[in-house]
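Chemist: Here you go, sequence then predicted model.
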Amino acid sequence: MSERFPLYLVLAAKLERLVVTLAPNSLLPTEQQMAKRYGVSRVTVRSALDLLERNGLVTRLRGRGTTVSPRKITRHFSPLHSFEKDLASQGVAFETQIMSYDPVAAPSDSIRERLCLAERETVGCLSLVRLVEDRIVCHDLRHYPPKIARQLDPTLIERRDASDILESLAGAPVADVDWESEIVSASGDVAMALQIAPRTLVLANTYTWRLENGTPVEAGTISYRNDRCKFRYELRFNPDLDGGLADSGSGPTRMPGKRTVKRRERS
């Protein structure tokens with residue numbers, strides 16, 4: 001006996017096969033035209049399109065109709081490089097927009113601990129978004145210790161690699177990063193920055209950058225829109241083959257359920 005699926009899922013599968021053959025920004029038929037073509041109700045069409053939109057395949061705008069979304073960007077986490085270097089290496093054009101910068105913000109307990117700050121010390125708090133093809137793909141919330149915060153010109157990050165600027169201010173290269181990835185519900189502030197509904201699921205990378213001597217120079221969280229980004233890892237499967245888990249660059253030392261890695265490259 002064949003398994004029966006809700007009609008909107010069957011239609012969504014048909015529409016997905018159509019969408020992947022079309023160029024980005026192609027205009028799809030109207031809901032009424034689709035309902036007539038596939039012999040279903042407009043409610044079924046709307047539910048199918050809602051699913052495709054949540055998966056990042058189409059964009060629906062009132063008065064404009066439904067269009068094919070640009071392809072998701074690929075963020076490579078192995079080898080691990082800065083957002084700027086990663087996308088530049090792929091030939092993907094992007095834009096950085098600074099939302100705010102407070103050079104003397106009060107840190108949370110977590111940021112204070114990660115940056116090894118004294119009780120009354122402040123941090124530089126930088127909020128920015130990245131756009132590809134005029135679509136926001138991620139939001140960064142970055143925190144800097146006082147010495148770096150006082151020197152930082154945030155407008156430079158709109159034109160240069162943020163990690164290069166950080167190393168210049170720190171006077172030394174970033175040697176290690178503690179990095180944890182987790183799928184979480186977007187907070188109100190993050191949702192507003194990403195232009196999504198509050199509590200929408202995002203991939204959040206929480207990290208701390210350190211110099212060779214262990215001094216932390218930046219801590220923050222980068223939140224990615226799952227409907228506009230995909231993530232690629234290239235890792236050795238069997239650590240026994242070379243005495244430790246490794247990739248084509250410097251691999252993570254461990255991979256627990258909540259991904260925590262320590263690397264010799266920039267995040």
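Modeler: Nice, thanks for sending it over. Numbers count the residues shown, from 1 in each chain.
Chemist: Contacts for stretch 37-48 next, please.
Modeler: Leu7, Tyr8, Leu9, Leu11, Ala12, Lys14, Leu15, Pro29, Glu31, Gln32, Met34, Ala35 (C-beta atoms under 8 Å, 6 or more residues apart in numbering). Backbone N, C-alpha and C define where each C-beta goes, glycine included.
Chemist: List only those of those residues flagged as buried.
Modeler: Those of those that meet the buried threshold are Leu7, Tyr8, Leu11, Ala12, Leu15, Pro29, Glu31, Met34, Ala35, by 16 or more other C-beta atoms under 10 Å.
Chemist: Can you pick out the most distant pair from those residues?
Modeler: Put simply, by C-beta to C-beta the two of the buried ones among the contacts of stretch 37-48 set farthest apart are Leu7 and Pro29, 17.8 Å from each other.
Chemist: Let's check: the centremost residue of this structure is which one?
Modeler: Tyr224 (2.3 Å; C-alpha atoms, centre = their mean).
Chemist: Tell me which helix or strand comes right after the one helix or strand that one maps to.
Modeler: Per DSSP states H and E, Tyr224 falls inside strand 216-225. Next along the chain after strand 216-225, taking DSSP H and E as the criterion, comes strand 229-232.
Chemist: May I have that following strand as CSV, with CA atoms only?
Modeler: Extracted as CSV, the C-alpha positions of strand 229-232 are listed here (Å, rounded to 0.1, in the frame of the first residue of the first chain):
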residue,chain,number,x,y,z
CYS,A,229,23.2,30.0,3.3
LYS,A,230,24.5,26.4,3.3
PHE,A,231,27.6,25.2,5.0
ARG,A,232,30.4,23.0,3.8
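Chemist: Name every strand pairing with that strand and say which way it goes.
Modeler: strand 73-76 (parallel) (DSSP bridges).
Chemist: what sits up against the strand it pairs with?
Modeler: 83, 86-87, 90, 92, 132, 137, 224, 228-232, 234.
Chemist: And for stretch 57-67?
Modeler: 16, 19-20, 25-28, 30, 49, 52-53, 68-69.
Chemist: swap in stretch 87-104?
Modeler: 73-74, 81, 83-84, 122, 124-134, 137, 149-150, 152, 154-155, 157-158, 193.
Chemist: picking up where we left off before, among the buried ones among the contacts of stretch 37-48, find me the one that's closest to Arg114.
Modeler: Nearest member of the buried ones among the contacts of stretch 37-48 to Arg114, counting by C-beta to C-beta, is Ala12, at 42.2 Å.
Chemist: And the pLDDT for the closest residue to the closest one other than its chain neighbours?
Modeler: Leaving out its chain neighbours, the residue that sits closest to Ala12 by C-beta to C-beta, 6 or more residues apart in numbering is Ala48, at 4.0 Å. Looking at Ala48, its pLDDT stands at 94.
Chemist: next one: Asn238
Modeler: Confidence score, pLDDT, at Asn238: 74.
Chemist: Spit out the contact partners of it.
Modeler: With contact set as C-beta under 8 Å, 6+ apart, Asn238 has no partners.
Chemist: Can you pull out the low-pLDDT segments for the stretch 151-267 of the chain?
Modeler: Filtered on pLDDT under 70, the stretch 151-267 of the chain yields the residue ranges 239, 242-267.
Chemist: Strands along that one, start to end?
Modeler: For the stretch 151-267 of the chain, the strands defined by DSSP state E, counting those that start in this stretch occupy 174-185, 201-211, 216-225, 229-232, 259-263.
Chemist: Quick check: which of the ones you listed is nearest to Pro107?
Modeler: Minimum separation from Pro107 across these (C-beta to C-beta) falls at strand 216-225, 8.7 Å.
Chemist: which residues touch that closest one?
Modeler: The contact list for strand 216-225, computed with C-beta under 8 Å, 6+ apart, reads 56, 75, 83, 111, 114-116, 136-145, 148, 166, 170, 174, 186, 190, 193-194, 196, 202-211, 231, 267.
Chemist: Output that strand as PDB, restricted to C-alpha atoms.
Modeler: Coordinates of each C-alpha in strand 216-225 appear next as PDB, following Å, rounded to 0.1, in the frame of the first residue of the first chain:
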ATOM      1  CA  PRO A 216      41.700  37.000  23.600                       C
ATOM      2  CA  VAL A 217      41.200  39.800  21.000                       C
ATOM      3  CA  GLU A 218      37.600  39.300  19.900                       C
ATOM      4  CA  ALA A 219      34.500  37.400  20.900                       C
ATOM      5  CA  GLY A 220      31.200  37.300  19.300                       C
ATOM      6  CA  THR A 221      28.400  35.500  17.500                       C
ATOM      7  CA  ILE A 222      27.700  35.300  13.700                       C
ATOM      8  CA  SER A 223      24.100  34.300  12.900                       C
ATOM      9  CA  TYR A 224      23.300  32.900   9.400                       C
ATOM     10  CA  ARG A 225      20.000  32.800   7.600                       C
END
